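> sharing a sequence plus its predicted fold:
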Amino acid sequence: MNFLWPLRREYMELLGAVSCSRESIGYLISRPEGGNALVIVAGGAEEALVSQPDTHRIVLRKRKGFVKVAIQYGTALVPSYSFGEVDIFRQLKNEEGSTLRRIQNAIGNIFTFTTPLFYGRGALGLRFGFIPFQRPICTVVGCPIEIEKNENPTDEELSRVHDRYVSELLTLFEEHKSSFDMFSCSC
């Protein structure tokens, strides 16, 4: 959906981003020459709205589309987590049900992308700006979850693979959180 907007689309393409449609993903992972690795932010816009410093919330429980595509193409899923990425910007408080969140959701429904109101540090010593705060980001990567190809996965198969992915991701988080002074994660 983010690729429907001119200028935004071109900017994202310059960064190497592609549409997250099933067709785009299918094309990239089924190319005979291979060599494509995709990073999908499964939580998407909803996860961006719940992002707060020192909080680890992942929107994943109901997100199964990426798992379905992986099964249909027989592509491995690799759980990964980036510690510290929620600390590089601050976001205005926008709890579920607040006026700000209702406005953000309405804008998201109309324009197909959300509008988190965030800020960072300023240039030249200013206290407010859009430069990320200087915080370390450490990404940990788990073992690939090999998936058998099935063009028509059942709901049970989809749930089984999704549950395994969530379990592996939570295990990865729990194994490494003490290394990065983190507490707990909720999916």
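Yep, it's here.
> wait, isn't Ile147 in contact with Ala70?
Yes. Counting by CB atoms under 8 Å, Ile147 touches Ala70, with 5.3 Å between them. (Glycine included, C-beta is placed from N, CA and C.)
> quick one: the most centrally placed residue in the chain and Phe66, what's the gap?
The centroid of the chain falls nearest to Val41 when counting by CA atoms, centre = their mean (2.3 Å). To Phe66, Val41 is 10 Å away according to CB to CB, to the nearest Å.
> next one: Gly74
Between Gly74 and Phe66 the computed distance is 14 Å (CB to CB).
> ok, those two, which is more surrounded?
Phe66 (20 against 14; other CB atoms under 10 Å).
> quick check, that one in contact with Val39.
No. Between Phe66 and Val39 there is no contact under CB under 8 Å: 10.5 Å.
> what about the helices in this protein?
For the chain, applying DSSP state H gives helices covering 8-14, 22-30, 44-50, 65-73, 99-111, 155-176.
> out of the ones you listed, flag the one nearest Pro132.
Within the helices of the chain, the stretch nearest Pro132 is helix 44-50; the backing value is 14.7 Å (CB to CB).
> that older thread, ok, and the closest non-adjacent residue to the residue nearest to the centre of the chain?
Among residues not flanking Val41 along the chain, Glu47 sits closest, at 7.0 Å (CB to CB, 6 or more residues apart in numbering).
> go on, Gly44?
Using CB to CB, 6+ apart, the nearest residue to Gly44 is Val59, at 7.3 Å.
> residues near that neighbour, how many?
Neighbours of Val59 under the rule other CB under 10 Å: 19.
> now that Ser80 has come up, it's in contact with Cys143, right?
No. Ser80 is not in contact with Cys143 according to CB under 8 Å; the separation is 10.7 Å.
> tell me how far the helix or strand of the chain with the lowest mean pLDDT lies from the chain's centre.
Lowest by mean pLDDT, DSSP states H and E among the helices and strands of the chain is helix 8-14, with a mean of 80. Distance, stretch centre to chain centre, for helix 8-14: 18 Å (CA atoms, centre = their mean, to the nearest Å).
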